[in-house]
Structures are given as structure tokens and as C-alpha cells.
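**Student:** Whatever this is, show me its structure:
(one chain, ligands or ions: 1)
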Amino acid sequence: MKPQDPFEKIAMPGVKNVIVVASGKGGVGKSTVSANLAVALAREGYKTALFDADLYGPSAPIFFGLQDQKPEVIKEGEHEQIIPIEKYGVKIMSIGFFILSKKSLIWRGPAATAGLVQLLSTTQWGETDFLIIDFPPGTGDIQLTTIQKLNLTGAILVTTPQHIALADAQKAADMFHTPLIQVPVLGVVENMSYFTPTQHPDEKYYLFGQGGGEKLAHQLGVPLLAKIPLVADVCELSDSGKTIFSSADHLIGDQFQQLAQQVSQLLVTHV
Ligand SMILES: Nc1ncnc2c1ncn2[C@@H]1O[C@H](COP(=O)(O)OP(=O)(O)OP(=O)(O)O)[C@@H](O)[C@H]1O
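**Tutor:** Numbering: from 1, shown residues only. Reported below is the predicted structural model:
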């Protein structure tokens, strides 16, 4: 049997741009940004897909209200192809579709990377302008295997304004800039930037500090793509499978739509 080349890329015919959404720290909003950026790109008219690479804590089935859904698997001789599930105009694939929601995935690194590669290679994306990949936090096996196996267009870094999140986001940026990796960082998204009470629409409260996203973007020489506000019902909406576009607070929807426009403009030559 021919030994597998670990650097051989997975063919994704029809997929024009693959963008990873990353951060060093957990809980800063990568999944929220990935899911809602994907929906916002679809709302702009682009053919959009989302791959949930957070194997140990998949959130796409919950964020899209698809917990009970199973993707269709097509057998072609020896080979299997999985058809992503479509919702809100986005084709979605997640390991979470294949495991019971209360079960944990107890996989060591090699098993996790093998599972990741299998899922990436068997998913049939079809014609896709933007494939968004939601990374788990950190700079470990999942990130490195995705980088090795896919032709990435670029990375978006998500951070909250506080110092610890920024320090970790810098580590993620460092991974993308490592000589053997060299994935362009497209820009920074600062999440939970400020809070505006509904009764006082002109006021902004910087609960986690101010200027962190700008500082990181400046240090990396990339644009600050968006400052997403902290909006009270985001948590409830994601838990009930709805996007931020259902929020009564239109501010956050507008911010995501602008983010999608910026990302598509950055990559306009690729679409
Ligand atoms: N702008 C926001 N306003 C209010 N709540 C938010 C916002 N962004 C994210 N959240 C909430 O914060 C929590 C963490 O968000 P999310 O799951 O997107 O983070 P993550 O970085 O993907 O986490 P993990 O590292 O565990 O994968 C979720 O409950 C989410 O609903």
C-alpha cells in the first residue's frame, strides 16, 4: 500500500475560498462569529458553507437548531460521500451530527485528526464561494492538520478586548505566520466590544476594556474587520438554533452584514 503523504491536500472541487476563524482563547465567540458570518455571506448572495472543526465541543448543530438531524450518506462503490445539511442558506457539516448530544468524543490526537481528515474528505460541498471553518481554541492537532490538508485562503482572528484574550490571539497569529504554515491573516474581529442598553441607544459601555482589537490589528498590520457588540439575547438565540438576525437589536445584525461585505471585498478576486 502506498504510504499517505501527510501534506497531500484534500481536493475540494468547486470550493473557491476557505477561511478559518480562530483564536487562542476559548469562549471568545469563534462559533458565534463563524455561524453568523456564514449566514451573513449567504444573505449577500454567496454560496456559503460552514465546517465545525471543534470536534470535542461541536456547536454548529445547536447554533443551527439541527441536533436531531443526520446528514445523508451516499455510497459510490467503496467510497462514501456525505451531504452537508443546509439551513439559513448555509451548508453545514459537524462531527456533532454523528454523535449523541450528551456523549463526549474521547479521542486522542491521532484519532481526532484521522476523524477530521475523513470528515473533510468525504463531505460533498458542491459549488461554494466561501467555506468558513470554525476552529477550536488553541494551536494544536486540529488546527495543524486543517492547515496541512487544505488550501486555506486566510484566517480571521477573533478576540475580546481584554488583555488575556489578546495575548492568546497573538499566539494564534504567530501560528499562521510560522514559515512552514504561512496562512494570510485577513483581519481581526473584536467580539463583545461594548454594550448598548436598549433604553439608551446612544450609549456604549466597554465592559471588557477598550481598544484591544485595534491594537492587535495594528500589531499584525491587518484590518480590524468588525467590533461586534455584546447583545443580551445572542446566547438565548444560539441556544435555540436562531441566528443573530432574529435579534430585536438590529445593531448586531448590521455589524455582521458589514463584516460579510468586508470579507467578500477582500477576496473579491477569488469569487
Ligand atoms: N456578541 C455576543 N453577545 C452576547 N453573547 C455572545 C456574543 N458572542 C458570543 N456570545 C456567547 O458567548 C458564549 C461563547 O460563544 P462561542 O461559543 O461562540 O465561543 P467560542 O470561542 O466558539 O467558544 P469555544 O472556545 O468553547 O469553542 C456563547 O454562549 C455565545 O452565545
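
**Student:** At the contact with the ligand, which residues of the stretch 151-271 of the chain appear?
**Tutor:** By the rule Cβ under 6 Å from any ligand atom, the part of the stretch 151-271 of the chain lying against the ligand is 191-192, 228, 230-231, 234-235, 238. For every residue, glycine as well, the C-beta is placed using N, CA and C.

**Student:** per-residue confidence for Phe7?
**Tutor:** Predicted confidence (pLDDT) for Phe7: 69.

**Student:** ok, back up a step: now, which of the residues of the stretch 151-271 of the chain next to the ligand lie within helices?
**Tutor:** Within those, residues falling in helices by DSSP state H are 234-235, 238.

**Student:** before we move on, back to that, and the residues of the stretch 151-271 of the chain next to the ligand, which are buried?
**Tutor:** 191-192, 228, 230-231, 234, 238 (16 or more other Cβ atoms under 10 Å).

**Student:** Setting aside sequence neighbours, what's the nearest residue to Glu190?
**Tutor:** Of all residues not flanking Glu190 in the chain, Gly213 sits nearest, at 2.7 Å (Cβ to Cβ, 6 or more residues apart in numbering).

**Student:** The one you found - how many residues pack around it?
**Tutor:** 27 (other Cβ atoms under 10 Å).

**Student:** Let me see the ranges of the helices in the stretch 1-150 of the chain.
**Tutor:** Counting by DSSP state H, counting those that start in this stretch, the segments of the stretch 1-150 of the chain that form helices are 30-43, 60-63, 109-122, 141-149.

**Student:** Equivalent analysis for the stretch 151-271 of the chain, please.
**Tutor:** Ranges of helices in the stretch 151-271 of the chain, per DSSP H, counting those that start in this stretch, are 163-177, 212-220, 234-239, 250-266.

**Student:** Mean pLDDT lowest where, among the ones you listed?
**Tutor:** Per-segment mean pLDDT for the helices of the stretch 151-271 of the chain reaches its minimum on helix 163-177, at a mean of 84.

**Student:** Name the residues of that helix that are buried.
**Tutor:** For helix 163-177, burial by neighbour count (16+ other Cβ under 10 Å) applies to 165-166, 168-170, 172-173, 175-176.

**Student:** Closest one of those residues to the ligand?
**Tutor:** Minimum distance to the ligand across those is 9.6 Å, recorded for Ala165 (Cβ to the nearest ligand atom).

**Student:** Surely that closest one and Ser23 touch.
**Tutor:** Yes - Ala165 lies in contact with Ser23 (Cβ atoms under 8 Å); the separation is 7.2 Å.

**Student:** Give me the common contacts of the two.
**Tutor:** Jointly contacting Ala165 and Ser23 under the rule Cβ atoms under 8 Å, 6 or more residues apart in numbering are Thr159.

**Student:** do you know how far the residue positioned nearest the centre of the chain is from Phe64?
**Tutor:** Centre of the chain computed as the mean C-alpha position; nearest residue by Cα atoms, centre = their mean is Asp134, 2.8 Å away. Asp134 sits 12 Å away from Phe64, going by Cβ to Cβ, to the nearest Å.

**Student:** same deal with Gly187?
**Tutor:** For Gly187 relative to Phe64 (Cβ to Cβ), the value is 25 Å.

**Student:** between these two, who's got more neighbours?
**Tutor:** Ranked by neighbour count (other Cβ under 10 Å), Gly187 and Phe64 place Phe64 first, with 25 against 22.

**Student:** Roughly how far does that one sit from Ala226?
**Tutor:** Distance, Phe64 to Ala226, using Cβ to Cβ: 21 Å.
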